[in-house]
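S.K.: The sequence and its predicted three-dimensional model are supplied below.
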Amino acid sequence: AQSVTQPDIHITVSEGASLELRCNYSYGATPYLFWYVQSPGQGLQLLLKYFSGDTLVQGIKGFEAEFKRSQSSFNLRKPSVHWSDAAEYFCAVGTLAEGGGNKLTFGTGTQLKVEL
Amino acid sequence: DAGVIQSPRHEVTEMGQEVTLRCKPISGHDYLFWYRQTMMRGLELLIYFNNNVPIDDSGMPEDRFSAKMPNASFSTLKIQPSEPRDSAVYFCASSPPPDRDKWSGNTIYFGEGSWLTVV
C-alpha cells in the first residue's frame, strides 16, 4: 500500500532564509507526486506536481521540488521564505483510481512558521 | 472559473442531529472526492465517485455516514446521527477525466472545506 511520510511536524525559519520540507513516499510503481499548501481556515491549494520527465519541478509562489527515485523522496524547497508562506504543507502521492483517474494519499503535513 | 464550492462553510450542531454537507464540483470534472481532516488522523479519503457512481467507500468510518451524487454537479455527505467525534473539516474535491482512459495523474482541486463542530 502507498504511504507518505513527512518527518517534520513543525519547522520555523526566519524570513529571507531558505526552506526545505522533507517528504518520503512508498509506492510500488512510478509515482505521481504533489505538494499542497493550506493556509489557516482555507482549503488546499496545489503548489506543484511531478508526473514524469525533469526531476526538478517548478511551482507557484517560487517553490520547487526535486524527485529522487533512489531516495524515494520529493522534497519541497524555496530559496527565500516570505512571511506569507506561513502555512501547513502537505505532500501527497497519487495512485490509480478506477476509470483511470487519480486519487491522493496525504502525508501528515508540516506546519511552517516564519519569524520576522 | 468557479472552483469547487462547498456549503455550509461552518456548522455547529448538537449530538444526534443530522448533518448534510453539500458540494458542487468544477464543471466538466467527472471525479468527486470527499476527504476528512482531523488532528489525529490527518487527511483521509472517505469516498470517491466517478461519473456520479460511488467507486470506493472503504474510507467511510461508519454506517452513520452516507454520500450521494445525484447528478454531475452536486454531491452530499450526510451524517446521521452526528457525534462529537465527527467534528472535523470535510473537504470536497474534484478532478477532470483521465487522458484517453490512461492514468494521467490529473490534478485534484479542493474546495475550502466545511468546518463541522458537534457538541
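M.R.: That came through fine. Only a predicted model underlies this, so the values are computations on that prediction, with no experimental measurement involved.
S.K.: What is the neighbour count of the nearest residue to A:S80 once chain neighbours are set aside?
M.R.: Closest residue to A:S80 apart from its sequence neighbours, by Cβ to Cβ, 6 or more residues apart in numbering or on different chains: A:G16 at 5.4 Å. C-betas here are computed from N, CA, C, even on glycine. A:G16: 12 surrounding residues under other Cβ atoms under 10 Å in any protein chain shown.
S.K.: which SS class is A:G16?
M.R.: The three-state assignment at A:G16 reads coil, by DSSP: H, G, I helix; E, B strand; the rest coil.
S.K.: That one against A:V81, yeah?
M.R.: Yes. The pair A:G16 / A:V81 is scored as a contact, 6.8 Å apart, by Cβ atoms under 8 Å.
S.K.: can you list the residues of chain B near chain A?
M.R.: B:4, B:30-31, B:33, B:42-43, B:45, B:48, B:50-51, B:55-56, B:91, B:93, B:95, B:97-98, B:101-113 (Cβ under 8 Å from any Cβ of the partner chain).
S.K.: Could you pull out the strands in the chain for me?
M.R.: Since no chain was named, I'll use chain A. Ranges of strands within chain A are A:3-5, A:10-14, A:19-21, A:24-26, A:32-38, A:44-50, A:56-58, A:64-68, A:73-78, A:87-96, A:102-106, A:110-115, based on DSSP state E.
S.K.: right idea, wrong chain: chain B
M.R.: Counting by DSSP E, the strands of chain B are B:5-7, B:10-13, B:19-24, B:31-38, B:42-50, B:53-56, B:65-71, B:74-79, B:88-95, B:109-110, B:114-118.
S.K.: Just put these in TSV and tack on mean neighbour count and mean pLDDT.
M.R.: Converted to TSV, these look like this (neighbours: other Cβ atoms under 10 Å in any protein chain shown; pLDDT from 0 to 100):
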stretch	mean neighbour count	mean pLDDT
strand B:5-7	17	97
strand B:10-13	14	97
strand B:19-24	19	98
strand B:31-38	24	96
strand B:42-50	21	94
strand B:53-56	15	94
strand B:65-71	15	97
strand B:74-79	19	98
strand B:88-95	24	96
strand B:109-110	22	94
strand B:114-118	18	97
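S.K.: Any idea which of those gets closest to A:L46?
M.R.: strand B:109-110 (7.5 Å; Cβ to Cβ).
S.K.: For B:A72, find the nearest of the strands of chain A.
M.R.: With Cβ to Cβ as the yardstick, what comes closest out of those is strand A:102-106 (18.3 Å).
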